[in-house]
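*Asks:* Task: produce atomic coordinates for the following.
(2 chains, ligands or ions: 2)
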Amino acid sequence: MSNLTVSNSTLALGFSLVLVALVIGYVEKLRIDKDIIIGVIRAIVQLSIVGYVLKFVIKANDNWLTLACFVIIVLNASWNAAKRGNGIPKAFQSSLLAIFVGTTITLTTLVLTGSIKFVPAQIVPVTGMIASNIMVAIGLCYRNMKQTYTDRHQQVLEKLALGADIKLASLDILRDSIKSGMQPTIDSIKTLGLVSLPGMMSGLIFAGVDPVKAIKYQIMVTFMLLASTSIGSIISCYLGYKQFFNDRKQLRDE
Amino acid sequence: MEKIFEVRNLFYQVGETKILKDINLEIEQGKYLTVVGPSGSGKSTFMRILASMISATTGEVLFHGKDIATFEPTKYRQKVSYAFQQPTLFGKTVRDNLAFPFEVRKQEFDESKVIKYLEMVNLNQTYIDKSVNDVSGGEKQRIALLRNLLFQPEVLITDEVTAGLDTENKAIVHKMLNEFNQRGLTILRVTHDETEIANATDKITIKDGVLQNV
Ligand SMILES: Nc1ncnc2c1ncn2[C@@H]1O[C@H](COP(=O)(O)OP(=O)(O)OP(=O)(O)O)[C@@H](O)[C@H]1O
Ligand SMILES: [Mg+2]
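*Replies:* Numbering: from 1, shown residues only, chains lettered A, B, ... in the order given. Ligands and ions are numbered 1, 2, ... in the order given. Model (predicted):
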């Protein structure tokens, strides 16, 4: 796998590509230079740490350690998803349940069907992949929900006034929000292979695996992401919409 | 006559602002009560509390002698129905709107009943499949009122529902509401309309959140 080596000096040269983004940001006065710099520094630090941690975990090959990684990934993803739900009470708990259930169901299916093995080298990256996808989906669900409850405030009030239960009063918002969480995954499936070769498949092909085999893996990944984002979106939306109402079934005023 | 509402020492407050101050009122069943007062005086707020759309900060509202907080909110709102000043129509067609009260009660859409009600407000059955974007303001208000009345509530609260309607539309609404009132519907009507105020038999005035005369 000598063709996969990236030396420190190549990385340093690669950094010049970041400068391109910085210059564009500066010239166009986008005020994103700070975000880019922080992002790059975080990426370097986080990935370095993760690299060493993964090396250790994979070497140790311990079930408890693998589970611990799973827990940390799920907690982190939930915390990030909840930030998008800022203003929605219990956003963290809802995200946690959604990400935990979504990740567990998909991982268990993958392990039981023998698609992946219960070894850290496979469990940890796959958990990360699933959890981050659900995290993004939940973020979109929350954003959509907050926006539509504001936009359709009057309509929800009128439905409640006609004696509708909070679920009936929110049904179209609920549907739109679940859809908004799943949409990016569905969109990306449509262009799969036509526009981009997704990360996992590219990685396998980089590593010299037969592209046909890599494609099978990618199809599996597609199934897995579709399932997990739908589970995650449904759980977070069904828990989330209730938070817009109080126990007297009145719309909360923000 | 039996009292349908008893309001005692009702206050409503948002942050430090007192919007309703010590309201005490009894309303008899079958009344057609008109609620007047300057803009911003708290009429809508009071009506929304009676409709359980918001809750009073302190004080009691009794419905048939029982605290409204003890009712299941959706069941209560089917009995005490609130009609908004500027209603929005739901979904795509008029049907979506008139089907909603049936959905709320988990009942089949009864088209012949709906046609009968549409005719009561001078609209014919071709309106059922009209797009909500193709109905006029006056038609919209009448359709919205039918949503409240398809299943007759005990109380209908109309919050300036005739504001912005022309004389003809107003007359249609008045006629319909009078008929329902004669059939026993208690109506609480908020209005700024001078003719409506002049014709009112029972009237209360709210000023700066305070009930003036009973
Ligand atoms: N949630 C709220 N937060 C802050 N202020 C509020 C809130 N609800 C109502 N108010 C204020 O309370 C006052 C009374 O409002 P309300 O809508 O009840 O008046 P109104 O008598 O219906 O007026 P109008 O005749 O113009 O409809 C207004 O000053 C309004 O700004
Ligand atoms: Mg008002």
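
*Asks:* low-confidence ranges in the chain?
*Replies:* Looking at chain A here, since you left the chain open. A:1-4, A:196, A:254 (pLDDT under 70).

*Asks:* The chain in question should be chain B.
*Replies:* Looking at chain B by pLDDT under 70, you get B:214.

*Asks:* can you list the residues of it near chain A?
*Replies:* Contacts of chain B with chain A, taken as Cβ under 8 Å from any Cβ of the partner chain, map to B:51-55, B:69, B:73-75, B:77-78, B:81-84, B:86-88, B:90, B:100-101, B:103-105, B:144, B:147-148. Heads up, the C-betas are built off the backbone N, CA and C, glycines and all.

*Asks:* And the helices in chain A?
*Replies:* Applying DSSP state H to chain A gives helices spanning A:8-27, A:33-60, A:63-84, A:91-112, A:120-151, A:153-161, A:166-190, A:199-206, A:211-240.

*Asks:* Nearest to ligand 1 within chain A, name that residue for me.
*Replies:* Taking Cβ to the nearest ligand atom, ligand 1 has its nearest neighbour within chain A at residue A:253, 5.3 Å off.

*Asks:* and that residue, how many neighbours?
*Replies:* Other residues within reach of residue A:253, judged by other Cβ atoms under 10 Å in any protein chain shown, total 8.

*Asks:* sorry, back to before: show the buried residues in the residues of chain B next to chain A.
*Replies:* B:51-54, B:73-74, B:77-78, B:81-84, B:87-88, B:90, B:100-101, B:104, B:144, B:147-148 (16 or more other Cβ atoms under 10 Å in any protein chain shown).

*Asks:* Pull the contacting residues for the closest residue to residue A:69 other than its chain neighbours.
*Replies:* Spatial nearest neighbour of residue A:69, excluding adjacent residues (Cβ to Cβ, 6 or more residues apart in numbering or on different chains): residue A:124 at 4.9 Å. Residue A:124 sits next to A:54, A:57-58, A:66, A:69-70, A:73 when contact means Cβ atoms under 8 Å, 6 or more residues apart in numbering or on different chains.

*Asks:* Considering these, which is situated nearest to chain B?
*Replies:* Proximity of the contacts of residue A:124 to chain B (Cβ to the nearest Cβ) peaks at residue A:73, which lies at 40.6 Å.

*Asks:* what bridges to the residue nearest the centre of chain B?
*Replies:* For chain B, residue B:157 is the residue whose C-alpha lies nearest the centre (Cα atoms, centre = their mean; 2.2 Å). Using DSSP bridges, the bridge partners assigned to residue B:157 are residue B:82, residue B:188.

*Asks:* Relative to residue A:14, how far out is it?
*Replies:* 68 Å (Cβ to Cβ, to the nearest Å).

*Asks:* got it, and residue A:6?
*Replies:* Using Cβ to Cβ, residue A:6 is found at 8 Å from residue A:14.

*Asks:* Over to residue A:88?
*Replies:* Taken as Cβ to Cβ, the span from residue A:88 to residue A:14 is 39 Å.
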